[in-house]
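J.: Dropping the sequence and predicted coords here.
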Amino acid sequence: MTSLINSFLCIFFFIFLCHLAGIYLYGSGFLIASVQSQKKSQCNDPLMTNTLYAHLHPPELCWTTPLFKKTALYLVDALRFDFAFSTEYPPLFDNVTDPNNFKLYHNNMNVFNSLENQYPSRSSKYHFIPDPPTTTAQRVKAMTTGGVPAFIEISNMFNNPVILEDSLIHQFKENGLRTVFEGDSLWVDLYPNQFNNVSTGPSLDIADLDSVDNICDKALQQHQNASDYDIMISHFLGIDHTGHYYVTNHPSMKKKLIEINNILNRSLYSLPEDTLALVFGDHGLTEEGNHGGSTLEEIDAGLFVYDNRKNRKGGRKEVEKITQVDIVPTIAIGMGIPIPYSNMEH
C-alpha cells in the first residue's frame with residue numbers, strides 16, 4: 001500500500017513539474033516583452049554621414065538630402081486590401097472574378113485607380129503586411145518606431161502608454177519639421193506634446209461611425225493648401241467601427257468606403273507639389289468585422305503610394321508585398337531625417 005502511494009506521489013509531482021516547466025516556457029517565449037532602447041538616432045551619427053550615398057548626395061539637413069518638401073500620411077483604420085483596390089487586384093486570401101459574387105465592400109474606392117491611370121509613373125499599390133497582434137495601438141507603434149511589439153503588449157491596447165523610444169514622431173520634432181495631426185486620439189496618448197496642431201476625436205465608441213472621419217475631413221480642408229506643416233497625419237476610424245458594429249459585407253460599409261474615397265479624392269488631388277502621400281491600413285478585418293489575430297484577412301492591409309513630383313520617373317505596375325515597418329525608413333529618407341534607432345527593416 002505504501003509503495004502504491006509513493007508511486008502515485010511521484011507521478012503527481014512529475015506531472016506538476018511538467019506543468020510548471022510548460023508555464024515557464026510559455027511565459028518566457030510567447031509572452032516575452034520587447035526590449036526598448038532609449039537611444040535616439042542623431043544627424044551627426046558617423047555611421048550614416050560617412051556612407052557612399054551621403055558622399056554622392058551631400059545632405060542638406062541630416063543623413064540624406066530630402067526628396068520631398070512635405071509628407072501626407074492617411075491611416076485609414078482597417079483598410080483591407082480588397083476594400084481599397086478594385087477586384088482586378090485580388091487580395092492574398094481570395095480571388096473574386098465573377099461579378100455575381102462581388103460583395104458590398106468591393107469596387108467603392110476609385111480614387112486609387114484614377115490616380116494610377118492618370119499618373120502611372122507616380123503611383124503604386126501594395127499588400128501592406130503587419131506583424132501580429134493586429135491591434136491599432138501596436139500597429140501605430142510599429143509604423144512609427146520601426147520595431148515589432150511583443151504579443152503581450154496587446155494588454156496595453158486600452159491603456160496606451162507613452163512611447164519613449166526613438167520614432168518618426170520624435171525625429172520630426174527634433175529636426176524642426178512641423179507636424180499636424182487629425183483623427184484618432186490614440187496618437188496624442190502615445191505621443192503627447194509632439195504635434196504642432198491637433199484635431200482629435202474619441203476612438204472607442206464603435207457605434208460612432210462618423211465623428212472622427214468628419215474631424216479629419218474638416219482638418220484636411222483647413223491644411224490642404226496651407227504652409228503651416230511639413231508632415232500631415234490623418235487617422236480615419238469609420239471603416240473599422242463599421243466592421244465592428246455591423247459586419248464587413250453591409251450597406252453601411254459600402255457607404256463608409258465611398259465617403260472615405262471622396263475625402264481622399266479631394267485631398268490627394270489638392271496636395272502641394274513635391275509631396276509624398278501614403279494611404280494605408282493598419283490591419284485588415286475578418287468577414288465578421290474583427291481583428292487582432294494573424295489570419296490573412298487580418299494581415300492583408302492596403303497601401304497606396306502617390307508621389308506628386310513632376311520629375312518623378314519609374315513606377316510599379318506589379319503589386320508587391322511589403323512589411324508595415326518598411327514605411328519608417330521610407331518616410332525618414334524621403335524627408336531627410338535620421339531613421340529611428342529601433343528600426344528593424346529596410
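T.: Ah, there it is.
J.: show me where the stretch 1-150 of the chain has strands.
T.: If you assign secondary structure with DSSP state E, counting those that start in this stretch, the strands in the stretch 1-150 of the chain sit at 70-76, 123-129.
J.: tell me what the first one is packed against?
T.: Using 3 or more C-beta pairs under 8 Å, 6 or more residues apart in numbering; DSSP states H and E as the contact test, the elements touching strand 70-76 are strand 231-236, helix 251-268, strand 275-280, helix 327-335. Just so you know, the C-beta spots here come from the backbone N, C-alpha and C atoms, and that holds for glycine as well.
J.: Could you export the ones you listed to a markdown table, including columns for mean neighbour count, mean pLDDT and distance to His127?
T.: Compiled in a markdown table, the helices and strands packed on strand 70-76 are given as follows (neighbours: other C-beta atoms under 10 Å; pLDDT from 0 to 100; distance: least, C-beta to C-beta, whole Å):
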| stretch | mean neighbour count | mean pLDDT | distance to His127 |
| --- | --- | --- | --- |
| strand 231-236 | 25 | 98 | 20 |
| helix 251-268 | 19 | 98 | 18 |
| strand 275-280 | 22 | 97 | 11 |
| helix 327-335 | 21 | 93 | 13 |
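J.: can you redo those as JSON lines with distance to Ile129?
T.: Compiled in JSON lines, the helices and strands packed on strand 70-76 are given as follows (distance: least, C-beta to C-beta, whole Å):
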{"stretch": "strand 231-236", "distance to Ile129": "20"}
{"stretch": "helix 251-268", "distance to Ile129": "21"}
{"stretch": "strand 275-280", "distance to Ile129": "11"}
{"stretch": "helix 327-335", "distance to Ile129": "11"}
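J.: Compare those and give me the one nearest Phe14.
T.: Across the helices and strands packed on strand 70-76, Phe14 has its closest neighbour in helix 327-335 (48.6 Å, C-beta to C-beta).
J.: which secondary structure elements does that closest one contact?
T.: Using 3+ C-beta pairs under 8 Å, 6+ apart, the elements in contact with helix 327-335 are strand 70-76, helix 136-145, helix 168-174, strand 275-280.
J.: Same list (these) but as a markdown table, adding distance to Ser123.
T.: Compiled in a markdown table, the helices and strands packed on helix 327-335 are given as follows (distance: least, C-beta to C-beta, whole Å):
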| stretch | distance to Ser123 |
| --- | --- |
| strand 70-76 | 14 |
| helix 136-145 | 21 |
| helix 168-174 | 23 |
| strand 275-280 | 10 |
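J.: What's the separation between the nearest residue to Pro202 once chain neighbours are set aside and Asp282?
T.: Beyond its immediate neighbours in the sequence, the residue positioned closest to Pro202 (C-beta to C-beta, 6 or more residues apart in numbering) is Ser185, lying 6.2 Å away. According to C-beta to C-beta, to the nearest Å, Ser185 stands 15 Å off from Asp282.
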